[in-house]
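**Student:** From the sequence below, what's the structure:
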Amino acid sequence: MSKREVRFFNTTGPCNPDMHYMLPPEERLVGAQLHRYIKDQLYWVLHAPRQTGKTTFLQSWMREINAGTEAVSCYVSVERCQGIAEPERAMPDLCKAVQEYAEWAGLPVPELKTSAPNSMLSEVLGDWAKLLAPQPLIVLFDETDVLVEGTLISFLRQLRGGFATRAAGVFPVSIALVGLRDLKDYITAAKGGVPVNPGSPFNVKSDSAYIVNFQKDDIGRLFAQRTAETGQQITTEALDYVYEQSRGQPWIVNSLFQRATMRILDAESAETVTIEHIRQAREQMIEARETHLDTLVYRLENPAIRKMMETFFAGTLDLNIADSEGFRLCRDLGLVDIEDGSPIIANPIYREVLARQITYSPQLNIPKPDWKWAKADGTLDMDALLRNFQEFWRNNSETWEEMSDFTEAFPHLLLMAFLQRVTNGDGRIEREYAAGRGRMDLAVYYKGAWNIIEIKLLRKNKIFAAVKDEGVRQVLQYRERIDPTAPCYLVIFDRRPDKPDWAERVTWEQAAAVTVVGC
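**Tutor:** Here you go, the predicted model:
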């Protein structure tokens with residue numbers, strides 16, 4: 001069974017529902033690939049993270065099919081059945097959804113003739129196919145991953161029952177099951193974690209497709225359509241920054257473009273969009289915590305996802321990470337990706353949103369600084385800030401750590417909260433963290449100047465000098481990417497169970513061009 005890349009180019013979003021740009025050549029190519037599912041009468045799966053254009057793609061493809069004579073198609077969302085495990089409760093609602101979407105699409109509405117939940121859907125789909133004969137029927141079921149336990153099993157059994165007899169006037173010839181996960185993943189979940197048997201009657205799919213993010217060139221072509229329509233230009237530097245920050249995630253690309261062109265600049269402006277406009281749009285988007293980003297934050301309440309995020313913040317190595325439920329959930333949600341063979345947070349926007357959310361509560365409890373942390377020229381006095389953090393860490397860390405949900409990443413989170421408390425409104429913090437890195441890198445930009453910080457942990461059986469030497473090399477390499485002239489700091493937290501007293505732990509020394517701060 002193959003996996004096919006389905007890329008749908010669409011920038012519709014919340015800022016302006018009328019702003020709608022697509023790339024027609026690629027959309028036609030996708031349509032040409034997908035028509036094979038009709039010709040070969042396949043049942044197939046389309047899966048991708050939230051806010052990547054699945055629903056928009058399905059409805060667009062439905063309209064394309066219905067504009068021709070090859071078949072009749074209908075989009076049906078089963079979201080109303082979310083979390084209902086009992087087929088006798090869920091199936092009437094699911095069949096009602098079929099009827100309502102048939103009416104919405106202007107198609108004949110099938111009748112519900114039975115009250116037996118385990119044959120109800122099959123009979124409705126069969127009746128629907130008869131009403132549309134001689135044209136074959138294609139059904140695009142969206143949000144199928146919300147179906148659980150007995151409802152999911154009944155749903156798939158009824159599709160499997162009609163699969164063998166599928167034909168025009170008999171049963172839908174092609175069915176798409178669309179959601180966050182591939183079919184085998186949520187069948188396994190429905191069966192209490194038992195993997196799918198290769199000979200299982202649930203094995204109805206013939207193919208699996210997924211929607212991929214935009215590539216850098218795609219983003220440029222999308223904005224080029226706005227340029228053709230309005231004359232507004234965008235700099236290459238700004239386009240590169242959009243891709244860097246979004247990694248091509250469609251919702252983020254859309255939000256950055258719309259905020260830059262319709263909020264940072266006036267909607268009627270022809271002024272060229274620059275990287276500074278995109279930076280302001282990025283900050284607005286993060287601060288606004290629109291629904292897509294807020295949903296990601298809400299997921300942190302799941303213990304498996306919270307544990308996975310702590311692995312990323314602390315940079316710890318987890319040899320079983322790929323087998324964990326938290327990792328699979330994060331992949332399904334689009335929170336996590338694989339880059340150069342290593343798991344990472346999917347894009348810098350997500351990294352920033354998650355870090356700010358997790359550090360927000362500590363930040364509120366940190367007193368307003370009453371010490372001088374700005375130099376005479378207005379730039380950040382990082383020496384003064386980190387010396388005060390050392391004092392704060394010494395006085396508060398043990399008590400605060402007892403209340404934290406993130407024991408392993410607690411030092412990283414508290415230092416970030418401390419920095420955010422000072423830089424809010426006048427600066428920004430760029431962060432790099434990933435599982436297995438053994439460190440977190442921070443680039444603090446304030447009033448036109450950078451400061452570079454690396455955080456490392458001194459663990460059991462490790463030697464301070466070795467951790468320091470490794471950290472100095474790493475932070476200097478990181479500085480080269482940001483600003484080779486920026487001041488550099490290496491903050492080492494002693495996490496050994498037999499750590500010495502505070503007088504020995506709280507240190508300040510120079511190593512090459514790096515200030516080493518012991519905590």
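**Student:** pLDDT below threshold where in the stretch 201-350 of the chain?
**Tutor:** 201-211, 289-292, 316-319 (pLDDT under 70).
**Student:** Kindly recompute the last result at 50.
**Tutor:** Counting by pLDDT under 50, the stretch 201-350 of the chain has low-confidence residues at 201-203, 205.
**Student:** quick one, helices of it?
**Tutor:** According to DSSP state H, counting those that start in this stretch, the stretch 201-350 of the chain carries its helices in the segments 216-230, 236-246, 250-259, 275-288, 291-298, 303-314, 325-333, 348-365.
**Student:** tilt between the fifth one and helix 325-333?
**Tutor:** With axes from the mean of the first three to the mean of the last three C-alpha atoms, to 10 degrees defining the directions, helix 291-298 sits at 180 degrees from helix 325-333.
**Student:** Show me how far helix 291-298 is from its chain's centre.
**Tutor:** Distance, stretch centre to chain centre, for helix 291-298: 9 Å (C-alpha atoms, centre = their mean, to the nearest Å).
**Student:** And the fourth one, by the same measure?
**Tutor:** Here the centre of helix 275-288 is set off from its chain's centre by 18 Å, with C-alpha atoms, centre = their mean.
**Student:** okay, the angle between that helix and helix 348-365?
**Tutor:** 50 degrees.
**Student:** Can you list the buried residues in helix 275-288?
**Tutor:** Across helix 275-288, burial judged by 16 or more other C-beta atoms under 10 Å covers I275, H277, I278, R279, Q280, A281, R282, Q284, M285. C-betas here are computed from N, CA, C, even on glycine.
**Student:** Let me know the closest of those residues to I219.
**Tutor:** I278 (11.2 Å; C-beta to C-beta).
**Student:** is it true that the closest one touches S255?
**Tutor:** No: using C-beta atoms under 8 Å as the test, I278 is too far from S255 to be in contact (10.8 Å).
**Student:** burial of the residue lying closest to N302 once chain neighbours are set aside, as a residue count?
**Tutor:** Here the nearest residue to N302 in space, its sequence neighbours aside, is L329; by C-beta to C-beta, 6 or more residues apart in numbering that works out to 6.9 Å. With neighbours defined by other C-beta atoms under 10 Å, the count for L329 comes to 18.
**Student:** what does the one 5 residues further on give?
**Tutor:** The tally of other residues near G334 (other C-beta under 10 Å) stands at 22.
**Student:** What values do phi and psi take at it?
**Tutor:** phi 80, psi 10 (degrees, to the nearest 10).
**Student:** what helix or strand is the residue lying closest to K113 once chain neighbours are set aside on?
**Tutor:** Once flanking residues are discounted, K113 sits nearest to E123: 6.1 Å by C-beta to C-beta, 6+ apart. Taking DSSP states H and E as the definition, E123 sits inside helix 117-132.
**Student:** Stretch 465-472: how far from the chain's middle?
**Tutor:** For stretch 465-472 - counting by C-alpha atoms, centre = their mean - the centre lies 34 Å from the chain centre.
**Student:** which strands and helices sit next to the host helix or strand of R428?
**Tutor:** Assigned by DSSP H and E, R428 belongs to strand 427-432. Here strand 427-432 touches helix 348-365, helix 410-423, strand 440-446, going by 3 or more C-beta pairs under 8 Å, 6 or more residues apart in numbering; DSSP states H and E.
**Student:** In CSV, list those along with distance to T114.
**Tutor:** What follows is those, written out as CSV (distance: least, C-beta to C-beta, whole Å):
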stretch, distance to T114
helix 348-365, 46
helix 410-423, 56
strand 440-446, 59
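**Student:** I'd like those laid out as CSV, including mean neighbour count and distance to K307.
**Tutor:** CSV is the format used below for the helices and strands packed on strand 427-432 (neighbours: other C-beta atoms under 10 Å; distance: least, C-beta to C-beta, whole Å):
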stretch, mean neighbour count, distance to K307
helix 348-365, 19, 13
helix 410-423, 23, 14
strand 440-446, 22, 17
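**Student:** did I read that right, D377 in a helix?
**Tutor:** No: using DSSP: H, G, I helix; E, B strand; the rest coil, the assignment for D377 is coil, not a helix.
**Student:** where does it fall, phi/psi-wise?
**Tutor:** Torsion angles at D377 (phi, psi; degrees, to the nearest 10) stand at phi -90, psi 0.
**Student:** Any figure for the gap between the spatially closest residue to it that is not a sequence neighbour and G106?
**Tutor:** Using C-beta to C-beta, 6+ apart and skipping the chain neighbours, the partner closest in space to D377 is K447 (7.9 Å). Separation of K447 from G106 (C-beta to C-beta, to the nearest Å) stands at 60 Å.
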